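Novice: Make a model of this:
(chains A and B)
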Number of protein chains: 2
Amino acid sequence: MALIVQKFGGTSVGSIDRIRNVAKRCIATQKAGNDVVVIVSAMSGETNRLLALAHEVTKVPEAREMDAIAATGEQVSAALTAMAIQNEGGRARSLLGHQVKILTDDAFTKARIKAIDGSKIFSTVQNGEIAVVAGFQGVDENGDITTLGRGGSDTSAVAVAAAIGADACEIFTDVDGVYTTDPNICPTARKIPKISYEEMLELASLGAKVLQIRSVEIAMKYGVPVHVRSSFSDAEGTWVKAEDKTLEDVVVAGVAYDKSEARVHLVGVADKPGVVAEIFSAIAEKNISVDMIIQNVSSSATGQADVTFTVAKTDLARGKPFIEETAKQVGASAVRYDEDIVKVSIVGLGMRSHAGVAAKMFRILAKENINIQAISTSEIKVSCLVAAKYTELAVRALHDGFGLDVPPKEG
Amino acid sequence: MALIVQKFGGTSVGSIDRIRNVAKRCIATQKAGNDVVVIVSAMSGETNRLLALAHEVTKVPEAREMDAIAATGEQVSAALTAMAIQNEGGRARSLLGHQVKILTDDAFTKARIKAIDGSKIFSTVQNGEIAVVAGFQGVDENGDITTLGRGGSDTSAVAVAAAIGADACEIFTDVDGVYTTDPNICPTARKIPKISYEEMLELASLGAKVLQIRSVEIAMKYGVPVHVRSSFSDAEGTWVKAEDKTLEDVVVAGVAYDKSEARVHLVGVADKPGVVAEIFSAIAEKNISVDMIIQNVSSSATGQADVTFTVAKTDLARGKPFIEETAKQVGASAVRYDEDIVKVSIVGLGMRSHAGVAAKMFRILAKENINIQAISTSEIKVSCLVAAKYTELAVRALHDGFGLDVPPKEG
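Specialist: Numbers count the residues shown, from 1 in each chain, chains lettered A, B, ... in the order given. Okay, the predicted model is just below:
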């Protein structure tokens, strides 16, 4: 007998019929001999409807009140799911964030989980009931309702699984697993049967939207095995778990791309100690996060350098005044922006032990005449910034160039 | 400086524009030098939408889950109202049932308030903020969300006012006060400036839908002055408060009518001790509440009597099998039903000290050739059951016959 957490996203509970299917699946898992804890998101469209109501009242809704409104979406779907399970002959009990309780900090609309009390969940499942926990929400020390930010139900699910020591956390979604790259632009993309937390983390942060990055971090920290699978079939999906021997043969596990960033180019910055620190402290102070940073070699004649970095497109309009003020302070002669860019990345644990992976990536792109505008690397990832028009070409070339079109041999 | 509770019903918060008006009114009350606590219902239509969702899932939703869903209606309107106050430049904070906390028993969907902790409300208003409390909801000792039943926001408002010792509880509604009778059927109906709790209680229980009966009971018990007034104007409405000298001159304060009951007639019941008890215990066991009961004198020849009583029309279909079974057991020769009836009542504290009020009522009805099918009386009320077709005629005749068309002299 295992203790299983099952998480269903907004589309999986998007209608009463789908909620019925969720109920049947939960009951089947329980009947197979497991204790079952279900985490549900709001019905698809509901969170947007609630946010729109708030924005109709005021342009800048107070975050605390925003959370009180947004949390009702999951409250309704949790209770409906419990009712649906009861209607199918099962036993169930909805539990809200403050009932569980899922204690968070008080950073409304983007709260972080501090602790989860497993006792109400345990007493529910020990009583033979399926515990249906409202995702996305928690409660701070003051008793105020908080939410974890968009996609927070994944985080709720993995954190609950960690807190109660679940044997697995199943994330049901509208895709059937994690792919070697986006199947929409690369026909040879394959479903990955197993992937390490580290690789999933890089893929998630690079724009593969299957799992919230915070949920992967928590899964890794507590060693929760996560199973990403389709809510519309019984097929095995992708297991995200600690690295094991069989994974080591794979040099590159996946290719990701991310169009959400814009490039900022400060021309002719004084090349002296402390200038770069000054630029990025000023930007960080405004809560604008910077991803890639490249400083080219200064021309010794002028004593000036160019600094290039990327920021989220959604932060760009807000960030421009600060960036330009900072640019002026560090003596930049011009600021240029480019939103027509994409970051293409290869990710794989095997890079740690295989040399020349980055060089191979550059060769593959060069062969397609794709100019690389910037490069950044981590231990298990290489990212290249290229013009957005090359997105599909670059992804396909890298995917097949690293042999991802061929299934790996069974370990 | 006074402490004022203001309650706004579903139509008063039925749209974003109306919520803005509520916000302006609360701020104006605060600016006039008062501490303000606001109680809101769900936006009109919202509770029905939520109930419909639940009933789509299952025919008989579990009451606990039903409450978890229904309570979201007030959660949303409380947070929207707080936002609207902030948007108008005021300061506000929404408080849910479990945050206040409004402790109830665990009778889901019809919970009763056991205790209200005023501390969060006090700290909010002492902080210069308007406390916006979600009506209709509470929390039981287990932390489960409960609701107080339809119209429960009135109860929330008066109970909160009692708990915090408010100077007044203003009930904003879509009518501008309590009338001597229904203005829709009696053109001479007048708004009553002041009415006693006892009279309001009789009027509320007789179908004048302005105030929930439970809220009047609580107001009376704790001596909370209640001001029923229009959310669309600043005009004074009706004050419901302890009886005072000026009220004593009024023999009849109002005329009410109620079409919600059906008459049940058991023909030829054995006239011996215990039979009537048997009939009504059997019916009470099925949770069907009986209002008027009349047993006519038995014919000594047959030793049989007729028993007539009224039950809510909504209980009739469910109740018929039990009623007929019971009728058989007590030897009734037939059971007859009549749904085409109305209960017309006169209510007034002055009846206690004035004789002949009931007799005058019967004369007025007789003069209009209206046959009385049953009579029941209390200390401050006389009710007559008549054919439904006489509703308007009876109400108008009683209203003007008792001089309610003429405003009382100022005391």
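Novice: What distance do you get for the spatially closest residue to residue A:1 that is not a sequence neighbour to residue A:3?
Specialist: Spatial nearest neighbour of residue A:1, excluding adjacent residues (Cβ to Cβ, 6 or more residues apart in numbering or on different chains): residue A:33 at 5.1 Å. (Each C-beta comes from the backbone N, C-alpha and C, glycine too.) Per Cβ to Cβ, to the nearest Å, residue A:33 is found 11 Å from residue A:3.
Novice: on that earlier part again, so the residue nearest to residue A:1 belongs to a helix, correct?
Specialist: No. Residue A:33: not assigned to a helix; according to DSSP: H, G, I helix; E, B strand; the rest coil it is coil.
Novice: Write out the residues of chain A neighbouring chain B.
Specialist: Counting by Cβ under 8 Å from any Cβ of the partner chain, the positions of chain A adjacent to chain B are A:16, A:19-20, A:50, A:53-54, A:56-58, A:61-62, A:64-66, A:68-69, A:71-72, A:75-76, A:78-80, A:82-84, A:86-87, A:93-94, A:96, A:98-99, A:143-145.
Novice: Leaving out chain neighbours, which residue sits closest to residue A:374?
Specialist: residue A:385 is the one closest to residue A:374 (Cβ to Cβ, 6+ apart), at 4.0 Å.
Novice: right, and the helix or strand after whatever helix or strand the one you found lives in?
Specialist: Assigning secondary structure by DSSP states H and E places residue A:385 in strand A:381-387. Using DSSP H and E, the helix or strand that follows strand A:381-387 in sequence is helix A:391-401.
Novice: Point out where the stretch 101-250 of chain A drops to low pLDDT.
Specialist: Residue ranges of the stretch 101-250 of chain A with pLDDT under 70: A:205-208, A:245-249.
Novice: what about 50?
Specialist: Within the stretch 101-250 of chain A, the segments meeting pLDDT under 50 span A:247.
Novice: Would you pull up the residue in the stretch 201-350 of chain A closest to chain B?
Specialist: residue A:231 (17.6 Å; Cβ to the nearest Cβ).
Novice: Quick test: name the residue nearest the centre of chain A.
Specialist: With distances taken as Cα atoms, centre = their mean, residue A:212 lies nearest the centre of chain A, 2.7 Å away.
Novice: Confirm for me that it is in contact with residue A:201.
Specialist: No. In this structure residue A:212 lies outside contact range of residue A:201 using Cβ atoms under 8 Å: 10.8 Å.
Novice: So residue A:60 lies in a strand, does it not?
Specialist: No. Per three-state DSSP, residue A:60 lies outside any strand segment and is coil.
Novice: Just want the phi and psi numbers for it.
Specialist: Torsion angles at residue A:60 (phi, psi; degrees, to the nearest 10) stand at phi -120, psi 80.
Novice: Now do the same contact list for residue A:57.
Specialist: By Cβ atoms under 8 Å, 6 or more residues apart in numbering or on different chains, residue A:57 lies in contact with B:16, B:19, B:20, B:80, B:83, B:84, B:87.
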